[in-house]
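> sequence-free structure coming up:
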């Protein structure tokens, strides 16, 4: 606990005074443009990864960056999405998976979480990703399985997002855009799903639309 308390003191004594005007401007409300849905994994910190300031991201984190289809699970994820879209009026929703994801390992090997009923139930929302990957690659011990299921899970959750009425309506009107990303922890790089081309592409440092295609290794999803 001492480390956390020292962190609070550092914030109060240094970080907050240096950003006092920002926090005062945020004290009465927020207006983020992005809803960032990602994993609870301690190695995936949205504000650090995106160099985002307080107030810029509305964040939803859970094991496996899962979005249950509308009506399947009346929980915090659905409430967060609805609030972000209807009240905050975010312009973008990003579903971001990551390498070495424990939840995706459990999706591939559900027997390993047989003694964790809540976990087992939650990752069942990623069953479609597992089925697609096993159909394509076969044995769950194939070395590329974890990468494939991580990518396929992002696509499955994007599809689930579209079942939410508030999301579907905004996407149809052009007021909302959906994005699928995967973060590689070891290399600090991102891939983004190109829905038109049907491939994963490296996500450039200055935006999805400015990737050097001569350097991009395109990988079709399974």
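All right, it came through fine. Predicted, not measured: the structure shown is a model, and the values here were computed from it.
> I'd like to know which helix or strand in the chain has the lowest mean pLDDT.
strand 219-220 (a mean of 41; mean pLDDT, DSSP states H and E).
> which regions of this structure lie under the pLDDT threshold?
For the chain, residues meeting the criterion pLDDT under 70 lie at 72-74, 140, 205-222.
> and the strands in it?
Secondary structure of the chain (DSSP state E): strands at 34-39, 57-62, 92-98, 177-184, 189-194, 199-202, 219-220.
> could I get the ones you listed as JSON lines with mean neighbour count and distance to residue 15?
The way it works is simple: take the backbone N, C-alpha and C, and place the C-beta from them, glycine included. Listed next are the strands of the chain as JSON lines, based on neighbours: other C-beta atoms under 10 Å; distance: least, C-beta to C-beta, whole Å:
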{"stretch": "strand 34-39", "mean neighbour count": "24", "distance to residue 15": "21"}
{"stretch": "strand 57-62", "mean neighbour count": "19", "distance to residue 15": "17"}
{"stretch": "strand 92-98", "mean neighbour count": "23", "distance to residue 15": "25"}
{"stretch": "strand 177-184", "mean neighbour count": "20", "distance to residue 15": "25"}
{"stretch": "strand 189-194", "mean neighbour count": "19", "distance to residue 15": "26"}
{"stretch": "strand 199-202", "mean neighbour count": "19", "distance to residue 15": "33"}
{"stretch": "strand 219-220", "mean neighbour count": "11", "distance to residue 15": "40"}
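> tell me which of the ones you listed lies nearest to residue 171.
Each of the strands of the chain has some distance to residue 171 by C-beta to C-beta; the shortest is strand 177-184, at 6.4 Å.
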